[in-house]
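In: Sharing a model that was predicted from the sequence below.
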Amino acid sequence: MQNIHIPEQLFEQYQTPAEKSIMYACGMLIVVTFILLFGLTMLYSTSYDPAFYGVEYFKKQLQWTIVGLFAGIAAFVIGHKKLSDWSLVLMIIAIFLLGVADFCFPAIKGAHRWIKLRGIIGISANMQPSELAKIAFSLYLAKFCAANMRYINEIFRLKSLVFLMMSGIMIGLVLAGKDLGTTLLLVSVMAIVLFVTGLRLRWLLPPALVFGSFLFWFIKHFDPERWSRLTSFVNPEACRSEAGYQLWNSLLAFGSGGWFGIGFGESRLKAKYLPEAHTDFILSIVGEELGLIALSLVIIAYLAFAWFALKISLNSRTRQGTLLGLALTSVIILQAIINIGVVCGAFPTKGMPAPFISYGGSNLVMVLTAVGLLMSIAAETASRGFHKELLQSIKKIFFFWEKNN
C-alpha cells in the first residue's frame, strides 16, 4: 500500500478556534516560564555579591515573581472583558499616581518615575506608576477602538476627543517624569492599534512628525543629560569615560563573551564596572557569561512569545480581544526591542528593562498581568462565557466553605 501524503493544511481545517486557542496559550505559557526561570537564574549570577548584597536582589525578585503570578491569575480569573469595562477608572487611577510621582516625590537618577512605599503600607519598596499605565492604557485603547471602529477617522467626535484628552494627559505626565522610553512606547502602541483599527495615515503621520520634532527640541534645550546620551551612542568609545561609559562597558561585555561566553557567574564587568547590570543591562551580562548563542536563544524566545501572543489575539472571537492582545503584545515586544537595541548600541542609552528578565518588581508584575490577560483572551475564545462560569464556580466554592466554617 502506498503511503498517503496528507498536506499540513488539511490538519488546520479540522482544528477549531477553541483547539487552536488552547494550543497557542500552552505554547505561550511554556515560553514565558522559560524566560522567567532564565531571568531569575541570570539575576542570581549578575547580582550576587558575597561582600555586600549577597542574594538580596534575587530574593526580592522572587517575591515580586510571586506577586506577579497572583496578579496574572487575578487578571485571568476576572477576565479581559470585565477589566476593560473598568479601563476608564484604571486610567484615572494611573493618571493620579503618575501625578503623585511627578510632583510629590523627589527625582531618582534624574527621573520622577517612582513612588516610595516605605512607611506608607509597612513595606520597603518603590512603585513605578508608568507600569500600571501600560496595562490601563492598553485596556482603554482596545475598548475605545473596538467600540468606535466605524467612526475611527472622525476625530472631532466627542468620544474621540475624550479619548485623545485622556491619552494625552497620561502620555504628558509620563514625559513630565522624564521617562522618555515609556513615552515613546505608549505613543508607538497607540499608533499601531489605531492603524490596525483603520485610522488613515493623514491622521497619524502629521502628529507623529510634530511630536517627534517637539521631543527633539525639548531634549536638546531642556534635558542635557538625555541629549548627551543621544550624541554619545554614535561613538561611545570617544566618550567612554563620560556619557558613553555605560554603553562602552556593555559592548566590552559582549566582546568578552564571544560565541560561548566566559562561564556562568564569571562576569568581570558586573563587578562595579557596568552600571545597572542587574536591571537594564542584564542582557550584556548574558552575552558575557553565556555568549552570543545564549543571547540568540533569548531573542528567539521573545519572538516565540510574540508569535503565540499574536496568534491568540488574531484567533479571538471579538474585535476587542484582538486589539487588546495586539496592544499588550506590542507593549512587551517593543520593550524587549528597545532594551536589546540599547545594550548593543543600536539605540541611545535608555532605562528600559528586558521583560521577564531584568530586576524590577513593577515591570515584572506588569508583564505577568499582561500574560494573564492574554490567557483570558485565549480562554474566552476556547469557551464562550468562560469567565462568567468561572466566577460563578468560585462564588459557589466560597459560599460553601463559609457555610461549613
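Out: Thanks, I have it.
In: could you pull out the helices for the stretch 201-350 of the chain?
Out: 201-222, 224-232, 245-257, 282-314, 319-343 (DSSP state H, counting those that start in this stretch).
In: closest one to I135 among those?
Out: Ranking the helices of the stretch 201-350 of the chain by proximity to I135 (Cβ to Cβ) places helix 319-343 first, at 8.0 Å. For every residue, glycine as well, the C-beta is placed using N, CA and C.
In: and that closest one, average pLDDT?
Out: The average pLDDT within helix 319-343 is 93.
In: got it, and stretch 31-38?
Out: 95.
In: Kindly report the same for stretch 161-180.
Out: 89.
In: can you give me the offset of that stretch from its chain's centre?
Out: Distance, stretch centre to chain centre, for stretch 161-180: 18 Å (Cα atoms, centre = their mean, to the nearest Å).
In: Ok, stretch 138-154 next?
Out: 21 Å.
In: And stretch 338-348, by the same measure?
Out: With Cα atoms, centre = their mean, you get 16 Å for stretch 338-348.
In: Check stretch 139-158 too.
Out: 24 Å.
In: Mind listing what's buried along it?
Out: L139, Y140, L141, A142, K143, F144, C145, A146, N148, I152 (16 or more other Cβ atoms under 10 Å).
In: Can you pick out the most distant pair from the residues you listed?
Out: The widest separation within these (Cβ to Cβ) is 17.6 Å, between L139 and I152.
In: for A71, what are its contacts?
Out: V365, L368, T369, G372 (Cβ atoms under 8 Å, 6 or more residues apart in numbering).
In: Helices - which of the residues you listed land there?
Out: V365, L368, T369, G372 (DSSP state H).
In: any idea how far the second one is from L328?
Out: Applying Cβ to Cβ, to the nearest Å, one obtains 11 Å for the distance of L368 from L328.
In: Can you pick out the residue with more neighbours from the two?
Out: L328 (29 against 25; other Cβ atoms under 10 Å).
In: Leaving out sequence neighbours, find the closest residue to the more buried one.
Out: Spatially, and ignoring its direct neighbours in sequence, L328 is nearest to A370 (4.4 Å; Cβ to Cβ, 6 or more residues apart in numbering).
In: looking at it, the one you found is touching I333, isn't it?
Out: No - using Cβ atoms under 8 Å, A370 makes no contact with I333, being 10.8 Å away.
In: re the thing from before, considering the ones in helices among the contacts of A71, which is situated nearest to A294?
Out: L368 (23.0 Å).
In: contacting residues around the residue lying closest to the closest one once chain neighbours are set aside?
Out: Closest residue to L368 apart from its sequence neighbours, by Cβ to Cβ, 6+ apart: G68 at 3.5 Å. If a contact means Cβ under 8 Å, 6+ apart, then G68 has G361, L364, V365, V367, L368, T369 as its contacts.
In: Break down this protein into its strands, ranges please.
Out: Taking DSSP state E as the test, the strands found in the chain are 115-116, 126-127.
In: Rounded mean pLDDT for the first one, please.
Out: Averaged across strand 115-116, the pLDDT comes to 79.
In: how near is the closest residue to A208 other than its chain neighbours to F76?
Out: Leaving out its chain neighbours, the residue that sits closest to A208 by Cβ to Cβ, 6+ apart is A191, at 6.8 Å. A191 sits 28 Å away from F76 when distances are taken as Cβ to Cβ.
In: Model confidence at the closest residue to F264 other than its chain neighbours, what's the number?
Out: The shortest distance from F264 to any non-neighbouring residue, by Cβ to Cβ, 6+ apart, is to E289 (5.5 Å). The per-residue pLDDT reported for E289 equals 86.
In: which ones are touching E289?
Out: By Cβ under 8 Å, 6+ apart, the neighbours of E289 are M42, S45, G257, G261, I262, G263, F264, G265, E266, S267.
In: biggest separation within those, which pair?
Out: Between any two of the contacts of E289 (Cβ to Cβ), the greatest distance is 14.1 Å, for M42 and I262.
In: Of those two, which one has the most company?
Out: Comparing M42 with I262 by other Cβ under 10 Å, the one with more neighbours is M42, at 26 against 16.
In: chain center to stretch 345-357: distance?
Out: 11 Å.
In: ok, the nearest residue to E19 once chain neighbours are set aside - contacts?
Out: Leaving aside its chain neighbours, E19 sits nearest to A382 (8.0 Å; criterion: Cβ to Cβ, 6+ apart). Applying Cβ under 8 Å, 6+ apart, we find A382 in contact with P17, A18, E19, S21, I22, A25.
In: where does the stretch 1-150 of the chain have low pLDDT?
Out: Scanning the stretch 1-150 of the chain for pLDDT under 70 picks out 1-14, 48-54, 107-111, 118-125.
In: those helices in it, which residues are they?
Out: 8-13, 17-47, 56-78, 80-85, 87-104, 129-147.
In: Which among these is found nearest to V210?
Out: Here helix 129-147 is closest among the helices of the stretch 1-150 of the chain (Cβ to Cβ), at 20.2 Å.
In: for the closest one, packing partners?
Out: helix 80-85, helix 87-104, helix 158-176, helix 180-197, helix 319-343, helix 361-382 (3 or more Cβ pairs under 8 Å, 6 or more residues apart in numbering; DSSP states H and E).
In: about what we covered before: now, the most widely separated pair of the ones in helices among the contacts of A71?
Out: Farthest pair in those, by Cβ to Cβ: V365 and G372, 10.4 Å.
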